[in-house]
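S.K.: Fold the following for me, if possible:
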Amino acid sequence: MLEGIKVFENDAGIDDRGSIWTTWKKENFSDLNFNHDKFSISKKNVLRGLHGDDKTWKLVTCIYGEIFQVVVDLRLDSKTYLQSESWHLTQDNRKQILVPPNFANGFLCLSDECVYHYKLSYEGKYNDVANQFTIKWNDSRLNINWPIKNPILYGRDK
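M.R.: Coordinates of the predicted model:
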């Protein structure tokens, strides 16, 4: 596992109505000040990422559907520089990945539709698109084994 990445597996109450589960409790993240949430709704085969910045922590999960989640270590002084790790995140496994600053974050929607949740912690103003880095999803240095060869890409992800 890449140093700094944390994986959380959340229990759920499941019955005939569906399920209920907790995505965040302050005591699990006492050293982070979450101050911004985002949701992304994607169609099958849409790939978003790989993006990041030098100050934002991201707690990410799949609220609905199934995704292929990837993080890449972009810390220049790290022994795992340019190494990646991946997971399948689904509404049923309720896994959450805590992605530190200076890691690229990306995901591919595997189901007909998916809802991806980002819970963000950072100091100062949010680093939006203009202040984020992007690394190409299929950069040969990364050796990411994406489950498809021709994802749907938009804008900076191309």
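S.K.: what helix or strand does residue 140 sit in?
M.R.: Assessed by DSSP states H and E, residue 140 sits outside every helix and strand.
S.K.: Can you give me the distance of it to residue 82?
M.R.: 11 Å (CB to CB, to the nearest Å). For every residue, glycine as well, the C-beta is placed using N, CA and C.
S.K.: What segments of the protein are strands?
M.R.: Using DSSP state E, the strands of the chain run over 6-9, 13-15, 18-20, 34-43, 47-52, 57-64, 66-73, 84-90, 95-99, 103-109, 113-121, 133-134.
S.K.: what about residue 140 and residue 82, which has more around it?
M.R.: Neighbour totals were compared for residue 140 and residue 82, and residue 82 leads with 16 against 7 (other CB atoms under 10 Å).
S.K.: quick one: stretch 72-79 to chain centroid distance?
M.R.: Averaging C-alpha positions (CA atoms, centre = their mean, to the nearest Å) puts stretch 72-79 17 Å from its chain's average.
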